[in-house]
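*Asks:* Coordinates for the following, if possible.
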Amino acid sequence: MDNKRVGRRIRAFRKLKGYTQQELADRTGISLAVLGAVERGNRRLEDQILDKIAIVLEVGVKELTDSSSI
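*Replies:* Predicted structure coming up:
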């Protein structure tokens, strides 16, 4: 899984839902710094964090990680 690609997809879905980074961080229970690093592709995305983000954004984990669904 390419961290930068996943980060871009998370950012895109977040913006589609109308959330700011702070709102998504609050809703997922992760820090703003961690979310920012994930969206920039500077942090490896643990499964637990990915699951939380997918649930809040109401998308499947596969939609966030599958490069063929672009």
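
*Asks:* Run through the neighbouring helices and strands of the lengthiest helix in the chain.
*Replies:* When the chain is scanned for its longest helix (criterion: DSSP state H), the result is helix 3-17. The criterion is 3 or more Cβ pairs under 8 Å, 6 or more residues apart in numbering; DSSP states H and E, and the helices and strands that helix 3-17 contacts are helix 32-40, helix 47-57, helix 61-65. Glycine gets a C-beta too; all of them are placed from N, C-alpha and C.

*Asks:* CA atoms of it as CSV?
*Replies:* Taking C-alpha atoms only, helix 3-17 is exported to CSV below (Å, rounded to 0.1, in the frame of the first residue of the first chain):
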residue,chain,number,x,y,z
ASN,A,3,1.3,5.8,1.9
LYS,A,4,1.1,8.9,-0.3
ARG,A,5,-1.7,7.5,-2.5
VAL,A,6,-3.8,6.4,0.5
GLY,A,7,-3.2,9.8,2.1
ARG,A,8,-4.5,11.6,-1.0
ARG,A,9,-7.5,9.4,-1.1
ILE,A,10,-8.3,10.0,2.6
ARG,A,11,-7.9,13.7,2.1
ALA,A,12,-10.3,13.5,-1.0
PHE,A,13,-13.0,11.6,0.9
ARG,A,14,-12.6,13.9,3.9
LYS,A,15,-13.2,16.9,1.7
LEU,A,16,-16.1,15.3,-0.1
LYS,A,17,-17.7,14.8,3.4
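
*Asks:* Residue 11: what's it in contact with?
*Replies:* Residues touching residue 11, when contacts are defined by Cβ atoms under 8 Å, 6 or more residues apart in numbering, comprise residue 39.

*Asks:* Could you check how far it is from residue 53?
*Replies:* Using Cβ to Cβ, to the nearest Å, one gets 11 Å for the distance from residue 11 to residue 53.

*Asks:* go on, residue 25?
*Replies:* Here the distance between residue 25 and residue 53 works out to 10 Å (Cβ to Cβ).

*Asks:* neighbour-wise, which of these two wins?
*Replies:* Set side by side, residue 25 and residue 53 show more neighbours around residue 53, with 25 against 21, by other Cβ atoms under 10 Å.
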